[in-house]
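Asker: Fold the stuff below for me.
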Amino acid sequence: MSTSTATSILASTADFDHHDKFGYWQDVVCRALVDLECRPMDGMAFEASVRGSRLEGLSVAQIEASAHRVARQPSAISRSGEESLIFNFVLSGTALAEQDGRSVVLTAGDGAVCDAQRPYSLRFDDAFKLITIKLARSAIAHRAASIHRITARSLAESSQMCPILFGYLVSFNKQASLLEPATSEKVVRNFTELLAAALDEVILASPLPLSEYRATALMRVRDFVERHLDVCELGTSMVSTALNLSPRYINKLFEAENTSLTRYIWRRRLERAASDLQDPTRAGLGISAIAMAHGFNDLSHFSRAFRQRFDLSPRAYRASGAASTA
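Answerer: Numbers count the residues shown, from 1 in each chain. Alright, predicted model coming up:
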């Protein structure tokens, strides 16, 4: 029988000078959870706290913080080699999660999973509270091959078990540090099984999988696109040459998801531009500069495509974001 006990995770920026708060928080996140690069919002005061427990094979923590961004970078992946899954469940505020070419906005009661073996990012435009779970991939080994299909997807939209999981999670986080080892082991096992059942629902509701080779090829294409979205010449020819995949095969990969490579590139560029338009740290950049930074070289084309995607002009979209944070 396991005799391991919970290790407490407890930290706050409250007692630090404002110049040191963010650097301290960066260190806390990396030590307690996962190696991430944190970025503050320019001109905004920052406060944050974390309270949780590190258990055998699983960590659970409640985070309360001001607006900021975090990113799991390739350098951090090389440094730590984490084989973990990170689940974020929002208690209040909103979070934008991005991974594998997908993005999802999470509100209170919703959550999403990100795979620590690949880059991902989280953005919080306002103060928020969330519970984050770090789970060893080995705990759900037989589902691990399908995780790439559901990263940065809403768990609440596809899982009827999500509300049950959410309620269990809130109680679990409050009691984890008080549990005896034997009880802790049972609770972790029960929670992991509940989490795995919710994942099964989401995986079944996600698009049918390609063969493993095709799934890997599609992931390579998406990764290449993400890293070259700001290159105007990005297109089928460039991707084909770089990855040694035929243009026909690349488009077959995207046909399985009812889109094309070209449409996928434009969608991701527009989503990146939309994110920048509502980013307070980029308020000084003109709309044309943001458009060009994301691979558009024709402002009128950008404006038409943006309006078609978001039902607002870029200027109105930026204004709506400013109004919501005023």
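
Asker: Mind naming the longest helix for this structure?
Answerer: As assigned by DSSP state H, the longest helix anywhere in the chain is helix 181-205.

Asker: quick one: average confidence on that helix?
Answerer: The predicted model assigns helix 181-205 a mean pLDDT of 83.

Asker: What is it packed up against?
Answerer: Helix 181-205 sits against strand 58-65, strand 128-136, helix 155-158, helix 162-175, with contacts defined as 3 or more C-beta pairs under 8 Å, 6 or more residues apart in numbering; DSSP states H and E. Just so you know, the C-beta spots here come from the backbone N, C-alpha and C atoms, and that holds for glycine as well.

Asker: by how many degrees do the last one and strand 58-65 diverge?
Answerer: By that I understand helix 162-175. Interaxial angle, helix 162-175 versus strand 58-65 (axes from the mean of the first three to the mean of the last three C-alpha atoms, to 10 degrees): 90 degrees.

Asker: helices and strands around helix 162-175, which ones?
Answerer: strand 58-65, strand 84-92, strand 111-115, strand 128-136, helix 155-158, helix 181-205.

Asker: how about 7 Å then?
Answerer: Packing partners of helix 162-175 (3 or more C-beta pairs under 7 Å, 6 or more residues apart in numbering; DSSP states H and E): strand 58-65, strand 128-136, helix 181-205.

Asker: Same check on the second one?
Answerer: Taking 3+ C-beta pairs under 7 Å, 6+ apart as the contact definition, the neighbouring helices and strands of strand 128-136 are strand 58-65, strand 84-92, helix 162-175.

Asker: contacting residues around it?
Answerer: The list of residues contacting strand 128-136 from outside it, by C-beta atoms under 7 Å, 6 or more residues apart in numbering, reads 33-34, 57-65, 83-95, 169-170, 173, 192.

Asker: How about stretch 282-292?
Answerer: 273, 276-277, 299, 302, 314-315.

Asker: Tell me the one of those residues nearest H148?
Answerer: Nearest to H148 among those: A273, at 25.4 Å, using C-beta to C-beta.

Asker: Now for the contacts of stretch 282-292: which two are most distant?
Answerer: Among the contacts of stretch 282-292, D276 and L299 lie farthest apart (C-beta to C-beta), at 14.8 Å.

Asker: Between those two, which is the more surrounded one?
Answerer: A count of neighbours by other C-beta atoms under 10 Å puts D276 above the other of D276 and L299, at 19 against 14.

Asker: how far away is that one from R69?
Answerer: Separation of D276 from R69 (C-beta to C-beta, to the nearest Å): 12 Å.

Asker: just D230 next, same as before
Answerer: 18 Å.

Asker: Those two - which one has more neighbours?
Answerer: A count of neighbours by other C-beta under 10 Å puts R69 above the other of D230 and R69, at 19 against 13.

Asker: What is the burial count for the closest residue to that one other than its chain neighbours?
Answerer: The shortest distance from R69 to any non-neighbouring residue, by C-beta to C-beta, 6 or more residues apart in numbering, is to R39 (4.5 Å). R39 has 15 neighbouring residues, counting by other C-beta under 10 Å.

Asker: so R39, which of the three states?
Answerer: strand (DSSP: H, G, I helix; E, B strand; the rest coil).

Asker: Show the model's pLDDT score for it.
Answerer: 87.

Asker: Dihedrals phi and psi, the most centrally placed residue in the chain?
Answerer: Taking C-alpha atoms, centre = their mean as the criterion, A97 is the residue nearest the geometric centre of the chain, at 3.0 Å. When read as degrees, to the nearest 10, the backbone of A97 gives phi -110, psi 140.

Asker: before we move on, what about the one 4 residues further on?
Answerer: With angles defined as degrees, to the nearest 10, G101 shows backbone torsions of phi 80, psi 10.

Asker: Quick one: classify the residue lying closest to it once chain neighbours are set aside as helix, strand or coil.
Answerer: Spatially, and ignoring its direct neighbours in sequence, G101 is nearest to R222 (3.9 Å; C-beta to C-beta, 6+ apart). Following three-state DSSP, the label given to R222 is helix.

Asker: next one: S103
Answerer: Assigned by three-state DSSP, the conformation of S103 is strand.
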